[in-house]
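Q: Have a look; sequence and predicted model below, questions after that.
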Amino acid sequence: MPHIHKRYDFVVSVFIVRRSKVLLIYHKKYNEWLPIGGHIELDEDPEEALYREIKEECGLKVRILADCPNIGHGGVKPLPTPAYTDVHRIPPAHPALARKDWAHKHIAFIYFGIAQTYRVRLHVREHREYRWVSASELKKPEFKLTKSILFYCRKALQKAASR
């Protein structure tokens, strides 16, 4: 994926819930548990990237829990509104690039969804394993979730439970 800017890339993330558990994948490159997601390609809008990433990384059919007004017309495509957005730093691939002036960041559109199917098809080149994690399991030491990932997991579980 070509970077569109020296310091920033746009990405999508989706926290997928099924039966009061949220899907987390162990990402090989980052060595941590994360949601499904990835870069928005140059020829995509956020919605297209969202569904492509879901298909590529887990193969689930997912209903996105987002508002999207029915106002489309010639030249206008409404997009699902993310639950949250954030910007987060991505560690450099090489420690010598860890200087602040080489910081690479992702501007993330964060969505919540409910799995309509149950069989995960893991993207084995990028991910080592997946787990469906309950609210009580989120703080287990084995997951070592960041404050933001923990927050989004809990919010996704709450949103799915209210539907």
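A: Structure received.
Q: Where does the prediction get shaky in the chain?
A: Where the chain drops to pLDDT under 70, the residues are 1-5, 93-103.
Q: all helices of it, in order?
A: In the chain, helices defined by DSSP state H lie at 46-57, 147-161, listed in chain order.
Q: residue ranges for the strands of the protein, please.
A: 8-18, 21-27, 32-34, 36-39, 62-64, 84-90, 104-115, 127-134 (DSSP state E).
Q: Which secondary structure elements does the fifth one sit against?
A: Helices and strands in packing contact with strand 62-64 are listed as strand 8-18, strand 104-115; criterion 3 or more C-beta pairs under 8 Å, 6 or more residues apart in numbering; DSSP states H and E. Every residue, glycine included, has its C-beta placed from N, CA and C.
Q: returning to what we had before: I'd like the helices of the chain as CSV, with distance to residue 39 and mean neighbour count appended.
A: What follows is those, written out as CSV (distance: least, C-beta to C-beta, whole Å; neighbours: other C-beta atoms under 10 Å):
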stretch, distance to residue 39, mean neighbour count
helix 46-57, 7, 19
helix 147-161, 18, 17
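Q: Could you dump those into JSON lines and include distance to residue 125?
A: Conversion of the helices of the chain to JSON lines gives the following (distance: least, C-beta to C-beta, whole Å):
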{"stretch": "helix 46-57", "distance to residue 125": "10"}
{"stretch": "helix 147-161", "distance to residue 125": "22"}
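Q: CSV for the helices and strands packed on strand 62-64, including mean neighbour count and distance to residue 158?
A: Converted to CSV, the helices and strands packed on strand 62-64 look like this (neighbours: other C-beta atoms under 10 Å; distance: least, C-beta to C-beta, whole Å):
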stretch, mean neighbour count, distance to residue 158
strand 8-18, 22, 10
strand 104-115, 21, 9
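Q: As JSON lines, the ones you listed with distance to residue 59 would be great.
A: What follows is these, written out as JSON lines (distance: least, C-beta to C-beta, whole Å):
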{"stretch": "strand 8-18", "distance to residue 59": "11"}
{"stretch": "strand 104-115", "distance to residue 59": "10"}
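Q: Could you say which one of those comes nearest to residue 65?
A: strand 104-115 (4.6 Å; C-beta to C-beta).
Q: for the closest one, the distance to its chain's centre please.
A: With C-alpha atoms, centre = their mean, to the nearest Å as the basis, strand 104-115 stands 4 Å off its chain's centre.
Q: Kindly provide the distance from the nearest residue to residue 117 once chain neighbours are set aside to residue 121.
A: The shortest distance from residue 117 to any non-neighbouring residue, by C-beta to C-beta, 6 or more residues apart in numbering, is to residue 61 (4.5 Å). Note on residue 61: its distance to residue 121, by C-beta to C-beta, to the nearest Å, is 11 Å.
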